[in-house]
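[1] Mind folding the following:
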Amino acid sequence: MDECFAREGRIEEHEVRQMTVQAFAGKGRWGIVINEETREKLGLEITSYEDGTQMDGTKDLYKMAGPLDIWWENRNFCCCAIVVPDAPDILLGAFLLFAMDLTINLDRELVGVHGDIVMHRV
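    As a prediction, this is how the structure comes out:
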């Protein structure tokens, strides 16, 4: 909404809520995993709930929040994020990496192209 409001002149461009973060590559199916603090800072709306299983086998119902625009250099992707309340890190899942044409270095388990990821509320 912030980006739409800025285009309409309802808020200034500098008022669009955004964060620059370091993220880790996740080999799971999810697009992006954020924690509740990140969701609140970006002002993301809860769009739905989805069943999910964490790597340790924990199953739960998770919030989906968005829309969220994710940028890395000249690449971007708009999606909803799954909210894991106390997640210590932001994780970029395989689907998101593929959509942005990024790769995983399996030796180091890092995104194959490095740099800050910029996220902002759409």
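
[2] how about the strands of this structure, start to end?
    18-21, 23-25, 32-34, 45-53, 59-72, 75-83, 90-92, 104-105, 110-111, 117-121 (DSSP state E).

[3] For I11, find the nearest of those strands.
    With CB to CB as the criterion, I11 lies closest to strand 117-121 of the strands of the chain, at 11.1 Å. For the C-beta atoms, the positions are set from N, CA and C on the backbone; glycine is no exception.

[4] weakest of the strands of the chain in terms of mean pLDDT?
    When those are compared by mean pLDDT, strand 110-111 comes last with a mean of 48.

[5] give me the number of residues near the closest residue to G93 other than its chain neighbours?
    Beyond its immediate neighbours in the sequence, the residue positioned closest to G93 (CB to CB, 6 or more residues apart in numbering) is W30, lying 3.9 Å away. Residues within reach of W30, counting by other CB atoms under 10 Å, total 21.

[6] Next, the buried residues of stretch 84-102.
    Buried residues in stretch 84-102, defined by neighbour count with 16 or more other CB atoms under 10 Å: 84, 87, 90-97, 99-100, 102.

[7] Using TSV, lay out those residues together with distance to C78.
    Formatted as TSV, the entries for those read as follows, by distance: CB to CB, whole Å:
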residue	distance to C78
V84	20
A87	21
I90	16
L91	18
L92	14
G93	15
A94	17
F95	13
L96	11
L97	15
A99	10
M100	11
L102	16
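
[8] tell me the least confident of those?
    L102 (80).

[9] tell me the contacts of the closest residue to L96 other than its chain neighbours?
    Closest residue to L96 in three dimensions, ignoring its sequence neighbours and counting by CB to CB, 6+ apart: G31, at 4.1 Å. Contacts for G31 were tallied using CB atoms under 8 Å, 6 or more residues apart in numbering; they are F77, C79, C80, A81, I82, L92, G93, F95, L96, A99.

[10] now, which of those sits nearest E50?
    Within the contacts of G31, proximity to E50 (CB to CB) peaks at I82, which comes in at 6.6 Å.
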